[in-house]
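Here is my input; please provide its structure:
(one chain, ligands or ions: 1)
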Amino acid sequence: MDKKKKDFLTLRDYSKEEIEYMINLSSKIKKDRNLYCDLLSKKSIALLFNKQSTRTRLSFEAGITQLGGNCIYLDADSLQIKRGETLEDSARVFSRYLDGLVIRTFEQKTVEIFAENGTIPVINGLTDTYHPCQILSDLFTISELGLLDKSLRLTYVGDCNNVLNSLLIGFAKLGIDITVGCSQKYEPSKEILEYVYNQAEKSGSHIKLVHDPSVAVSGADIIYTDVWVSMGEKDSEEKIAELSKFQVNEKLLSFAKPDVKIMHCLPAHRESEITSAVIDSKNSIVWQQAENRLHAQKALLVYLYS
Ligand code: CP
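Coordinates of the predicted model:
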């Protein structure tokens, strides 16, 4: 296992073995919250966020505390970066005070600049392109269900966003099949598709794009969806109308397996991409999914700091 990597910017940089290692570690940590409780003793990790967050912020704050560390929340607008101090200079200064940095921001380039110019581990807490912490955690959740293997039929439906990009990379790395139910007008970028098709060829996974929602979810074990308009994206009536046929509702569920599990990384826009009848149903595992952000992020920190 390559232990030289110190950042977590995208799952592209992680091998199947490293991802599986962190999934297994998440499970151990979930069973015993006191494991590694001194690992981050006397260490300070900051969260530099310039987008809103509930789950990522709280799970990192709680997780860092449970590992014995000190967590500092930084509102990006309150720093000198807002007045023009460069990201490169900020990265150098942050490295003189801190032991790690979790960043939630717009451009992937920003997390890369912090990683390149600083000496401390940088974790991507969401960018417009990727959400690797979410997907590491989701892979753990699917593994808890006993479904993370070659026979899994998971369909992601709706907007092709940062969550889907990371989901595709995770599945392609692990060699597990995935179907995407999406509009022809809003497919994943060519660059992402090229990368994941290439990875899938190596790992033996099959990635399918399907434009008919009922066909996409046919026989699915898991249906995963996310918001139609991401943070920082302009509201578009045209896009919402285009994606409306991908709403996860009771009718759509009727095409999947009767015990299909429903995943959503949250926050949900009820009656938009998912109905309350579905998110509140017995099929929904969204609260287990949200809880697991804590355990998976602790596992990631243990991996980076051990
Ligand atoms: N799923 C997720 O990242 O939630 P937050 O935006 O609340 O952090």
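
where does the stretch 101-250 of the chain have low pLDDT?
Within the stretch 101-250 of the chain, no range satisfies pLDDT under 70.

The ligand contacts on that one?
Neighbours of the ligand within the stretch 101-250 of the chain, by CB under 6 Å from any ligand atom: 126, 134. Yep, even glycine has a C-beta here, placed from its N, CA and C like the rest.

Grab the nearest non-local neighbour of Ala256.
Among residues not flanking Ala256 along the chain, Ala220 sits closest, at 4.1 Å (CB to CB, 6 or more residues apart in numbering).

Neighbours of the residue in the stretch 201-306 of the chain that the ligand sits nearest to, how many?
Residue of the stretch 201-306 of the chain nearest the ligand, by CB to the nearest ligand atom: Cys265 (3.9 Å). For Cys265, the count of nearby residues is 26 (other CB atoms under 10 Å).

ok, now Leu79?
14.

Report the separation between it and the ligand.
20 Å (CB to the nearest ligand atom, to the nearest Å).

same thing with Thr127?
Thr127 is 11 Å from the ligand, by CB to the nearest ligand atom.

burial count for the closest residue to that residue other than its chain neighbours?
With sequence-adjacent residues excluded and distances taken as CB to CB, 6+ apart, Thr127 is closest to Gln108, at 4.6 Å. When counting by other CB under 10 Å, one arrives at 16 neighbours for Gln108.

ok, Gln108 - contacts?
By CB atoms under 8 Å, 6 or more residues apart in numbering, the residues touching Gln108 are 9-10, 124, 127-130.

Val217 and Leu154 touch, don't they?
No - in terms of CB atoms under 8 Å, Val217 does not count as a neighbour of Leu154; the distance is 9.9 Å.

Overlap of the contact sets of these two?
Common neighbours of Val217 and Leu154 (CB under 8 Å, 6+ apart) are Ile223.

who has more neighbours, those two?
Applying other CB under 10 Å to Val217 and Leu154 shows that Val217 carries more neighbours, namely 27 against 24.

does the helix of greatest length in the chain come close to the ligand?
Across the chain, the longest stretch assigned as helix under DSSP state H is helix 286-305. No - Helix 286-305 lies apart from the ligand when judged by CB under 6 Å from any ligand atom; the minimum separation is 7.1 Å.

Show me what that helix is packed up against.
helix 16-31, helix 55-66, strand 100-104, helix 132-144, strand 261-264 (3 or more CB pairs under 8 Å, 6 or more residues apart in numbering; DSSP states H and E).

Any idea which of these gets closest to Gln184?
Gln184 lies closest to strand 261-264 among the helices and strands packed on helix 286-305, at 23.3 Å (CB to CB).
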